Structures are given as C-alpha cells and as structure tokens.
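**Q** Generate coordinates for the sequence data below:
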Amino acid sequence: MRRAAAGENYGQATHQMYEDENEQLVDGLKDKVTALKSLSIDIGNEVREQNKMLNMMDSDFDSSGGLLGATMGRLQRMARAGHNKIWLYMLFFVLFVFFVTYMILKFQR
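**A** Just a heads-up that it's a prediction; the model follows:
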C-alpha cells in the first residue's frame, strides 16, 4: 500500500510540474499575443496616415495636372494662331539664356 501511495505522489508531482509548465507557456503566449496586437494596431495607424498623405498628394497632382492642362491649351492656341513673331522671340530668348549660361560657366573656372 505504501508503494501505491508513493507512486500516487509521484504522479501528482509530475502532473503539477506539467501544469506549471503549461501556465508558463500560456503566459508567454499571452505576452506574444499582446505584442502582436500592439504591432497590428501600430501598422493600422501607419496605413491610415499613409492613405491620408496619398490622398493629399493625389489632389495636389490633380490640381497641378489641371494647371498644366490649361497652360498646354494656351500654348496650343498660340501655336495655331500663327504668331511666328512670338516663336522667333522665344527662340532668341532661349539662345540668349544658353549663351549667358555658357559664359557664366566658362568664366567661373
């Protein structure tokens, strides 16, 4: 009978040891779940902020596109109007700018 009691105590000690180990593993798992939850919340916040920035950039590009479209429309009207004198002035201006840039770079050395 004594032998049965000793075996029973050993079984209870082993069971308690497994229970303690399981509790430690559960606590470790809870910590990991908490860390993952925090990380996923941070990722969600970052995604929302990035979406706001992208929406703002999209509206800026739309307004810039509208401005460029209007400018291109004016240039096309001017080209169709046949103002050759204006194109000649623009050519001279561009050549003048290149010449001045060349002179500045040449004398800078």
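**Q** ok, residues contacting whatever helix or strand K106 lives in?
**A** Secondary structure assignment for K106, by DSSP states H and E: helix 84-108. Residues outside helix 84-108 that contact it (CB atoms under 8 Å, 6 or more residues apart in numbering) are 78-79. C-beta here means a position set from N, CA and C on the backbone, and glycine is covered the same way.
**Q** How about stretch 62-81?
**A** Contacts of stretch 62-81 (CB under 8 Å, 6+ apart): 86-87.
**Q** model confidence over that stretch, on average?
**A** For stretch 62-81, mean pLDDT is 80.
**Q** Any idea how far that stretch is from the middle of the chain?
**A** 32 Å (CA atoms, centre = their mean, to the nearest Å).
**Q** what do you get for stretch 51-71?
**A** So, by CA atoms, centre = their mean, the centroid of stretch 51-71 is 18 Å from its chain's centroid.
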